[in-house]
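S.K.: Any chance you could fold what I've pasted below:
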Amino acid sequence: MERFCNAASRYLVVAGGVFLVAMMGLTCGNILFRLVWVPIRGTFELMGFFGAVVAAFALGYTQLRRGHIAVDVLVNTFSDRTRLLLVRINSLLCAVFFAVVAWQLAEKGHVLRLTEEVTETLRVIYYPFVYGVALGFAFLALVFMLDLLRTLRPAAGGGH
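M.R.: Okay, here's the model as predicted:
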């Protein structure tokens, strides 16, 4: 499962990077075109969709690398056993929460696909972006499950 998560996180981060480069290109292009009074239509729409995908695709990777901000001043005062219990509870709750978020986003994407919802300016279908964000959250839930399994492994010494 660890190998799968590491490989999947790399693919998602690369895909997110492609969207980030597209955002930078769109921003630069829009700035240049505004100089000649012809801004790129739909920039606001695309930047919102691309930004959501970039953020969602980076979540699991960042969790795997322990890159999220953690304030553990209070937790560090607890015993090792208590800290381990809190890590397990946190991993389980986060896995369940983000799995529900992913499920609800996928449901929303399904409704948008059935209703053929499109954006106002460019008339772009946007359920693929919602599905993409759901994928990012589903992967984050999987990473939290991996975190939980790591703490339950006897060979890991019970640590995190």
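
S.K.: residues contacting the residue sitting furthest away from the middle of the chain?
M.R.: Most distant from the centre of the chain: Val36, at 36.7 Å, with distances by Cα atoms, centre = their mean. Shown in contact with Val36 (Cβ atoms under 8 Å, 6 or more residues apart in numbering): no residues. No exception for glycine: its C-beta is placed from N, CA and C like everyone else's.

S.K.: How about the helix or strand harbouring Val54, which residues are buried there?
M.R.: Applying DSSP states H and E as the criterion places Val54 in helix 43-64. Within helix 43-64, the residues that count as buried by 16 or more other Cβ atoms under 10 Å are 43, 45-46, 49-50, 52-54, 56-61, 63-64.

S.K.: And for stretch 63-81?
M.R.: Result for stretch 63-81 [16+ other Cβ under 10 Å]: buried residues 63-64.

S.K.: mean confidence for that stretch?
M.R.: Averaged across stretch 63-81, pLDDT comes to 85.

S.K.: For that stretch, measure first residue to last.
M.R.: One end of stretch 63-81 to the other measures 22 Å (Cα to Cα, to the nearest Å).

S.K.: and for that stretch, what are the contacting residues?
M.R.: Under the contact criterion Cβ under 8 Å, 6+ apart, stretch 63-81 has outside partners 5-6, 9, 61-62, 83, 86, 140, 143-144, 146-147, 158-159.

S.K.: residue ranges with poor pLDDT in this protein?
M.R.: The chain contains residues with pLDDT under 70 at 155-160.

S.K.: longest single helix anywhere in the protein?
M.R.: With secondary structure taken from DSSP state H, the chain has its longest helix at helix 80-115.

S.K.: Quick check: next helix or strand after it?
M.R.: Per DSSP H and E, the first helix or strand lying C-terminal to helix 80-115 is helix 127-152.

S.K.: So which elements touch that next one?
M.R.: Counting contacts by 3 or more Cβ pairs under 8 Å, 6 or more residues apart in numbering; DSSP states H and E, helix 127-152 is packed against helix 2-35, helix 43-64, helix 80-115.
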